[in-house]
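Undergrad: Curious how this folds, go ahead:
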Amino acid sequence: MRSREVDPLLELGVRPLSARSVVLSLLLGAHPPQLPARQLVRCVEEFGVSEATVRVALTRMVSAGDLARDGSVYRLSERLIERQRVQDALMNPRVVTWDGNWQLTVVIATGRSRPERNDLRAALTSLRLAELREGVWLRPANLSDEPADGWSFLRGQIDEVTQQFLSRPTGDPVELARTLWPLESWATTARKLVRGLSATSEPVHRFAAATATPRHLLLDPILPPDLLPADWPARELRDVYGRYLEELTAIARSGEDPAARDHDRADRGTCVD
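TA: Here you go, the predicted structure:
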């Protein structure tokens, strides 16, 4: 009996692409985050979304405050530009040489509402801290304290409700890291994303892998090399994703057809007029 072929999108846990998700991914990866309407429409069409659907999505995104329109040019709203700055900073944090110390963060605030507790948990997780027990979070002290967009914003959220300490575990730090973070499963998914971004000629699957990559990179604990499993794929994933964003931006701005690029530049149309 012939085995069923697994859809690469399902294997990566990626839902089918919508017009909104494609537009946001294009603009979040662009610097500056803006493109003329005709470029957006033609490029999104290359990923299986009709022109009518794209134009309806653009109108709704302006109404919802996701995009701003200036003539024929659409750009991210200020709210999403801030999200882009935070995302850029969090995906590429500055690291310093690790001296064996761990950052210990203890939550000292009490009587907070559930939404406030959830926001604090999200901020601590984004700062790559892991929860040892309720209210006690830690990580190796190898991330720079220099202010950066995103990091400064999140640190401001936690400073008033936590106290920070430096400490050293008495046990094996490698085993502690494996207890705190699902390193093997993170690496497995990262390798699937690398394959999705680089080992397929199908533009829709590459783009879908690209939309899943930022979320996955935000879960990379950024541990010192001494605490990581062998062949940790984070750098490879960042490099492959960075190259794909450069390709995508060049396509949107120059008119190159992604299908043509992935099929020896066969004459299959253009992204822009």
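Undergrad: List the buried residues of stretch 62-71.
TA: Within stretch 62-71, the residues that count as buried by 16 or more other C-beta atoms under 10 Å are D66, L67, A68. Where you see a C-beta, it was placed from the backbone N, CA and C, and this is true even at glycine.
Undergrad: Secondary structure and distance to P32 added to those, as JSON lines?
TA: Below are the buried residues of stretch 62-71 laid out as JSON lines (DSSP: H, G, I helix; E, B strand; the rest coil; distance: C-beta to C-beta, whole Å):
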{"residue": "D66", "secondary structure": "coil", "distance to P32": "16"}
{"residue": "L67", "secondary structure": "strand", "distance to P32": "13"}
{"residue": "A68", "secondary structure": "strand", "distance to P32": "12"}
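Undergrad: ok, those vs V107, which is closest?
TA: Relative to V107, the closest of the buried residues of stretch 62-71 is D66; by C-beta to C-beta it sits at 32.9 Å.
Undergrad: What separation do you get for the residue nearest to N142 when sequence neighbours are not counted and L223?
TA: Closest residue to N142 apart from its sequence neighbours, by C-beta to C-beta, 6 or more residues apart in numbering: W98 at 4.0 Å. The gap separating W98 from L223 is 9 Å, by C-beta to C-beta, to the nearest Å.
Undergrad: Settle it for me: which of the two has more neighbours?
TA: Taking neighbours as other C-beta atoms under 10 Å, W98 and L223 compare with L223 leading, 23 against 17.
Undergrad: element containing A212?
TA: helix 203-217 (DSSP states H and E).
Undergrad: quick check: mean pLDDT across that helix?
TA: What helix 203-217 shows for mean pLDDT is 86.
Undergrad: Any buried residues in it, and which?
TA: For helix 203-217, using 16+ other C-beta under 10 Å, the buried residues are 203-214, 216-217.
Undergrad: So which other helices or strands are in contact with the helix or strand following that helix?
TA: The C-terminal neighbour of helix 203-217 among helices and strands, as given by DSSP H and E, is helix 234-254. Where contact means 3 or more C-beta pairs under 8 Å, 6 or more residues apart in numbering; DSSP states H and E, helix 234-254 is packed against helix 37-45, helix 183-198, helix 203-217, helix 258-262.
Undergrad: Could you list every helix and strand that the host helix or strand of Q163 packs against?
TA: Assessed by DSSP H and E, Q163 sits inside strand 162-167. Judged by 3+ C-beta pairs under 8 Å, 6+ apart, the packing partners of strand 162-167 are strand 102-107.
Undergrad: contacting residues for the residue nearest the centre of the chain?
TA: In the chain, the centroid-proximal residue (C-alpha atoms, centre = their mean) is P214; its distance is 1.4 Å. Applying C-beta atoms under 8 Å, 6 or more residues apart in numbering to P214 gives the contacts L28, Q87, M91, Y241.
Undergrad: Same check on D119?
TA: Q157.
Undergrad: pLDDT of the host helix or strand of it, averaged?
TA: D119 is located in helix 114-126, with elements delineated by DSSP H and E. The average of the pLDDT scores along helix 114-126 is 91.
Undergrad: So for the next helix or strand after that helix, mean pLDDT?
TA: Sequence order places strand 130-133 as the next helix or strand after helix 114-126, per DSSP H and E. For strand 130-133, the mean per-residue pLDDT is 96.
Undergrad: mind starting the numbering at 41 from now?
TA: Understood, numbering begins at 41; the last thing we discussed is strand 170-173.
Undergrad: and strand 170-173, C-alpha only, in PDB?
TA: C-alpha atoms of strand 170-173 as PDB (Å, rounded to 0.1, in the frame of the first residue of the first chain):
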ATOM      1  CA  ALA A 170      12.600  29.700  31.900                       C
ATOM      2  CA  GLU A 171      10.400  29.000  35.000                       C
ATOM      3  CA  LEU A 172      12.100  26.800  37.600                       C
ATOM      4  CA  ARG A 173       9.000  26.900  39.800                       C
END
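Undergrad: That one pairs with which strands, and in what direction?
TA: Strand pairing for strand 170-173, determined by DSSP bridges: strand 176-180 (antiparallel).
Undergrad: So what touches the strand it pairs with?
TA: Here strand 176-180 has contacts from 138, 141-147, 164, 167-172, 207, 213, 217, 220, 261, 263-264, 267, using C-beta under 8 Å, 6+ apart.
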